[in-house]
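**Student:** A predicted structure for the sequence below; I have some questions about it.
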Amino acid sequence: MHPPRILLGVNIDHIATLRQARGTRYPDPVQAALLAEEAGADGITVHLREDRRHIQPRDVRLLAEVLNTRMNLEMAVTEEMFTLAEEVRPAHVCLVPEKREELTTEGGLDVVGGFDQIASACQRLAALGCDVSLFIDPDEAQIDAAKRAGAPTIELHTGAYAEAKPGSAAANAEYDRLSAAAVHAVSLGLVVNAGHGLHYHNVEAIAALPGVNELNIGHAIIARALFVGLKEAVQEMKRLIIAGQEAGLMAALDAHEHDHDHDHADGHHDCCGH
């Protein structure tokens, strides 16, 4: 059976960043979300940070009312965020680490170290009907802990891969880590999403990872939109991730056929006494 088409979640945080820079009512991230949906986004991702540097509670509440797809609310594990989640009941919640001084999320959740708190958060959010995801590094111990904590979904942090020089040994090593992590997570029955630092030149390889369900991408799409418009920027990204997924599926099929041919050849030699 052909696997489901890979999904694109569009993060609109940086529309709000531009608005907050001047304290105006424009550009409106809610309007951007609706345009992204029209262009083919499968969901809208927003991160309501403690310092309110971009997305505001008003945005989250309005999005919950008007989205035609689904909202993926990124949030820290705090009582304030739980209160909002209880109010708006987003379809998806992705738990992320958060530090005030960081420019953007710097790493994955330490599920191993904060297991009890995160497991409790997963239970509380699941009781609200939210599909819970944990934003984690591509580390087997963290993936195992996410499974034990009761999260049905993980989002693999692709930042280290995105920041490595393309084609370098470091980039190749990070890609191998992500690939192994995706395979391991799928083997545990987890849904695997990925994101952070992805752009138009590196996204196809990540879309080709085995079993990846969805990519969440924001900064690159919003930056591209300055030159081509938001609809075209979303459509371009969607074309790339679908092409990447198809390339990954073809590579996996070729590898399977090669292994099958090799096994068949070995069996033929055995029966002939070679």
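**Tutor:** Thanks, I have it.

**Student:** Got the phi and psi for the spatially most central residue of the chain?
**Tutor:** To find the centre residue of the chain, average its C-alpha atoms and take the closest one (Cα atoms, centre = their mean): that gives residue 194, at 3.3 Å. Listed backbone geometry of residue 194 is phi -150, psi 160, with angles given as degrees, to the nearest 10.

**Student:** Report the beta-bridge partners for it.
**Tutor:** Judged by DSSP bridges, the bridge partners of residue 194 are residue 156, residue 215.

**Student:** need the contact list for it.
**Tutor:** Taking Cβ atoms under 8 Å, 6 or more residues apart in numbering as the contact definition, residue 194 lies against 155-156, 158, 178, 182, 206, 209, 212, 214-216. C-betas here are computed from N, CA, C, even on glycine.

**Student:** cutoff 10 Å now
**Tutor:** Residues near residue 194 by Cβ atoms under 10 Å, 6 or more residues apart in numbering: 6, 135, 138, 154-158, 161, 178, 181-182, 203, 206-207, 209, 212-217.

**Student:** any idea which helix or strand carries residue 8?
**Tutor:** In the assignment (DSSP states H and E), residue 8 maps to strand 7-11.

**Student:** Only the buried residues of that strand, if you could.
**Tutor:** Of the residues in strand 7-11, 7-11 count as buried by neighbour count, 16 or more other Cβ atoms under 10 Å.

**Student:** same check, this time on stretch 125-141
**Tutor:** Judged by neighbour count (16+ other Cβ under 10 Å), stretch 125-141 contains these buried residues: 125, 130-139.

**Student:** Quick one: those as CSV, columns for secondary structure, pLDDT and distance to residue 230 too.
**Tutor:** CSV is the format used below for the buried residues of stretch 125-141 (DSSP: H, G, I helix; E, B strand; the rest coil; pLDDT from 0 to 100; distance: Cβ to Cβ, whole Å):
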residue, secondary structure, pLDDT, distance to residue 230
125, helix, 97, 30
130, coil, 97, 27
131, strand, 97, 26
132, strand, 98, 29
133, strand, 98, 25
134, strand, 98, 29
135, strand, 98, 25
136, strand, 98, 30
137, coil, 97, 30
138, coil, 97, 30
139, coil, 97, 35
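
**Student:** Closest one to residue 187 out of those residues, please.
**Tutor:** Distances from residue 187 to the buried residues of stretch 125-141, taken as Cβ to Cβ, are shortest for residue 138 (14.1 Å).

**Student:** pretty sure that closest one is in contact with residue 182, am I right?
**Tutor:** Yes: in this structure, residue 138 is within contact of residue 182 by Cβ atoms under 10 Å, at 7.8 Å.

**Student:** Find residues that contact each of the two.
**Tutor:** 154, 156, 194, 209.

**Student:** got the contact list for the first one?
**Tutor:** So that's residue 154. Under the criterion of Cβ under 10 Å, 6+ apart, the contact list for residue 154 reads 94, 108-109, 111, 132-136, 138, 142-143, 146-147, 181-182, 185, 188, 190-194.

**Student:** tell me the SS of it?
**Tutor:** Taking DSSP: H, G, I helix; E, B strand; the rest coil as the rule, one finds residue 154 in the strand state.

**Student:** Can you give me the distance of it to residue 187?
**Tutor:** Between residue 154 and residue 187 the distance is 13 Å, computed by Cβ to Cβ, to the nearest Å.
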